[in-house]
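1. Got a sequence here, can you build the structure:
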Amino acid sequence: MTRNLLLLLLLSAVSSTFAQSITIKGKLVDKEMEKPLEAATVYLQSAKDSTMIEYTISDRTGSFLMTVRKTDKPVILKTSMITFADYTRRFEGLSESVDVGTIELEDAPRTLEEVQIKSEAPPVRIKNDTLEFNASSFKVRPDANVETLLKQLPGVEIDNDGKITVNGKEVNQILVNGKPFFDKEGKVALQNLPSDIINKVQITDTKTKKEETTGQAASSNEASINLTIDEDKNKGFFGKAMAGYGSDKRYESSLMLNYFKGSRKISLIGSSNNINTTGFSMNEIFDSMGGGRNYSIWTNDDGSFGINGMMFGGGFGIKKSNILGVNYSDEPVKNLTTNGSYFYTDSDRNNTNRTRAVTFLEDDSFTTQSNSVNHEFTFAHNGSLEIEIKPDTLTTISFTPKISRGRSHYESASSSSTTNAGGRLTQENIGNDDAETRTGNLGGSLYIGRSSRKRKGRYLSSWMELDNNETESGTYTVSQNRFYFDDDGDGVSDRTTSDDRNQLRSGRGINQRFHSEFEWSEPVPDSMSVRIKFEYDRSQRVDDNVTYDFDGASGRFDIFNGLLSNYLQSQTETFGPKVGLGIQKGKWNVNLYGGPLIANYGANGEYLGDRKAIRKSDIFPSANVWSGYNFTKTTALWMNYNYSIDYPSAQQILDITDLSDPQNTVVGNPDLTPNKQHYFYLSLRDYDHQTKSGWSIWSGGSIFDSRVASVVTYDASLKSTTSYRNVSGGASTWFGGNWSKTVKKDAHSYRYGVRISSGYDYDLGYITSPPSVGEPVPTPALYSAKSLSLTPKLTFSYDYGELLSIAPNYSFTYSDTGYDNYVVDRQTNVRHTLSLQTTSYWPKNVVFGNDVSYTYNSMIADGFRKDFLLWNVSLGYNFLNNDLLAKVKVYDLLDQNVSATRTITATGIRDAQNTVLRRYVMFSLTYKIEKFGGKKKEENRFWWMD
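-> Okay, the predicted model is just below:
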């Protein structure tokens, strides 16, 4: 009854709102040229306080249409477009639809082109390839962060996984005043910077340093967001501090302090918690509590995410983590800018895992049940710096060094058993590992570019990049491995072999890469440019492993084990002279490069005193093409094609035996040839600012001419031997689309949409079943696995001003894999996810939030829980003029949280369950610090509240 009443009230509100709507339409033309003006901003504002009521963008015919509510209060209609004078018309009220006819815009005086009056900035402006939003035109709560602001912008979508798209184009870079804020990906800025310091949100195509400095079109189909700071807020001190403590000794704390003064910015970030979060989130509802809305920072499947190559959070189990970071950005002297970051991180993780894996064979299958308990402690120091020098307006020098050092300690106790399809036990394994690992990275890049003063499009550029990773490890292993054989074929094991180990395995790994490129571009008539490019790439990988067995007499690990020791090294060197052509004319943008790729590959290794070496020299074709076509200012097509090769690893190509895994022996194949693949990507997108709706479709992937595939054979105990062979064919592709629409009527805002993501993989390999009694191992047979995944998603959100937000979402993932030459023909799985997020800011000073999600795995194996309901609740109250927020939060209110997953692969299915956080209660206090040199910004108000 209550639910039906709420639905009736909601429908009544919607009906009432639309019944009072009228339209304003017209057409904009260039008075001098008598041509329609596309992408001009038309907006309606209150005459009383200039609050924006509605806006739209003119289409390619110059026409515009706005739907607004009737009003008896004075309003002003305005237009804005670069190089044209603004048009203004006052209405004393709007009681019926209005057709303003054709509006002729005149050229703006030169002085007005160069000086934009801040108070008259339009809500949206399209300037060449930049889409610019005026932040003050999109009202959010005073304590909202940047992510909340972005969600209000037309065409900007942020899904539950944190992926941001603008008009269908994925955002991969977020800057603050043109500079990274801790990281270019923007994860820290989104969650921690308050929205009320933002002046403009500028969206452009993401460009490389060369493309930025030379004016070349972007070579990627990704977007970059630049947040400009309000002038009054670009001089001051602000931040937040939060601390919380709860049941089961759960705790969380975070700190974010910022000092801005012109070009100088100093920021400090810190966090400490034992609730499996990175601590970067300063969400006003749940702080850094995981689950629900706090997944929206580009997290991976295991909860981790990266910043400048560093991984934070993640891993299964329950984790304690500490983070401290500093960012410094400045322009100490003219034409010199610096931006540097430092992070210290550590984590302490405990997990218990239970896994059931079924492996398919040609005419058989087997099942492995495993359990493990592990503990891992890691810490790392990471530093990066960007220095940019511009000796003059035509020259740019950019240097970006980076360094990191880390250490980890891992302990694990595990057991597993394997049975064949008939239920006979074939293997048992019990082991304990204790590993210590040290890592180090030193690298950086150098860019030098020079443009011509005389000819636009002529430039000379060079780019060099170095990445050097080194790893040292030591692993103590004690394991007992039993293998059972049925020699007479009666289904009962009658012979046992063992492989018991008590050893120390020391490893040293080196992974180096140096890349450089040199390019000259010369413009030719008709908007074209010819380019000559030279690329050089050198990479090296070293794996040196030495094993010592335990000596009971001496009590030390000093018996050298040559069978479990080996040395592998590989080096690839390529040189690519290329000729390129660029065309930027009208709506077309075409760039293509082609030429030979001269490659030298070498691999060498040593095992049991026997040295192996391989040398190869090849010449391959190389091609890279990307092109864009803009049908209108908001409708665009993007295409990309690339052909590339990749050599096998030393382990894959050298005839050296690796016995380090007692359950699987690896042997290389010297006859392997490189992987060869065609990569493609295609997207088409559009956003209609008049209807506030947009759509996009995309497709991409790799198709392989040749690929290195595994060749796996099994003995009667199901112990495997893996080798490698080239196969022709194979593919890994994806495709999808989305549509969304926003409707805003006074205090009511509705956003709804549909998104479909899917993928198709075609995998090939070789596999055998175990031999029959007295028979040799069968010849490996070629198998194929064709996997289709489909994930449709429905989204909806409703906001009532600053008081209420409701956002239900539903998605399901359908996975289907068809097999050829296997004991099974097909495996499927369906996963349903239904979620609801609600936030209430009523009564005054009270914040009440709920995140509810229900997950159902339809085909997971018996013994694993198929479904669970995760419900997080938060209740907060603001004190001291909203500077202090006290909260009580409950994680997993119903105490149902589990981590049970099913994965379908090209060779089998895997069900796994890991330790997760269960119900706890947390009390927290958040204190906001805000002291600016300029005037304090007035409280946001909506025109309908007057």
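
2. Output the below-cut-off pLDDT ranges for the chain.
-> 1-19, 110-120, 160-161, 279-284, 287-288, 290-315, 933-946 (pLDDT under 70).

3. Which parts of it are helices?
-> Here the chain has its helices, by DSSP state H, at 2-19, 110-114, 146-152, 187-192, 209-214, 650-653.

4. Which residues are in contact with residue 424?
-> 484, 486, 491-493 (Cβ atoms under 8 Å, 6 or more residues apart in numbering). Backbone N, C-alpha and C define where each C-beta goes, glycine included.

5. Just put these in JSON lines and tack on neighbour count and distance to residue 504.
-> Putting those into JSON lines (neighbours: other Cβ atoms under 10 Å; distance: Cβ to Cβ, whole Å) gives the following:
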{"residue": "484", "neighbour count": "20", "distance to residue 504": "29"}
{"residue": "486", "neighbour count": "19", "distance to residue 504": "35"}
{"residue": "491", "neighbour count": "10", "distance to residue 504": "40"}
{"residue": "492", "neighbour count": "11", "distance to residue 504": "38"}
{"residue": "493", "neighbour count": "17", "distance to residue 504": "32"}
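
6. so what's residue 582 closest to, chain neighbours aside?
-> residue 529 (4.4 Å; Cβ to Cβ, 6 or more residues apart in numbering).

7. which residues touch that neighbour?
-> 457, 521-523, 581-582.

8. Kindly export stretch 597-616 (C-alpha atoms) in PDB.
-> What follows is stretch 597-616, C-alpha atoms only, in PDB (Å, rounded to 0.1, in the frame of the first residue of the first chain):
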ATOM      1  CA  LEU A 597      59.900  -2.800 -39.200                       C
ATOM      2  CA  ILE A 598      63.400  -4.200 -38.900                       C
ATOM      3  CA  ALA A 599      63.600  -6.600 -36.000                       C
ATOM      4  CA  ASN A 600      66.400  -8.400 -34.200                       C
ATOM      5  CA  TYR A 601      65.500 -10.900 -31.600                       C
ATOM      6  CA  GLY A 602      67.700 -13.000 -29.300                       C
ATOM      7  CA  ALA A 603      67.100 -15.400 -26.500                       C
ATOM      8  CA  ASN A 604      69.600 -17.400 -24.500                       C
ATOM      9  CA  GLY A 605      69.500 -19.600 -21.400                       C
ATOM     10  CA  GLU A 606      71.300 -22.200 -19.300                       C
ATOM     11  CA  TYR A 607      70.000 -25.300 -17.700                       C
ATOM     12  CA  LEU A 608      72.100 -28.200 -16.100                       C
ATOM     13  CA  GLY A 609      75.200 -26.700 -17.700                       C
ATOM     14  CA  ASP A 610      73.700 -26.800 -21.200                       C
ATOM     15  CA  ARG A 611      73.500 -23.400 -22.900                       C
ATOM     16  CA  LYS A 612      70.800 -22.600 -25.500                       C
ATOM     17  CA  ALA A 613      70.600 -19.600 -27.800                       C
ATOM     18  CA  ILE A 614      68.400 -18.400 -30.600                       C
ATOM     19  CA  ARG A 615      68.900 -15.400 -32.900                       C
ATOM     20  CA  LYS A 616      66.300 -14.100 -35.400                       C
END
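
9. So which bits of that stretch are buried?
-> 597-599, 601-607, 612, 614 (16 or more other Cβ atoms under 10 Å).

10. Can you list which of those residues are found in strands?
-> Secondary structure from DSSP state E places 597-599, 601-607, 612, 614 of the buried residues of stretch 597-616 in strands.

11. What is the nearest of these to residue 189?
-> The nearest member of these to residue 189, counting by Cβ to Cβ, is residue 597 at 39.0 Å.

12. What residues does the residue of the chain most remote from its centre make contact with?
-> Within the chain, the residue lying farthest from the chain centre (Cα atoms, centre = their mean) is residue 488, at 54.7 Å. Contacts for residue 488 (Cβ under 8 Å, 6+ apart) come out as 494, 773.
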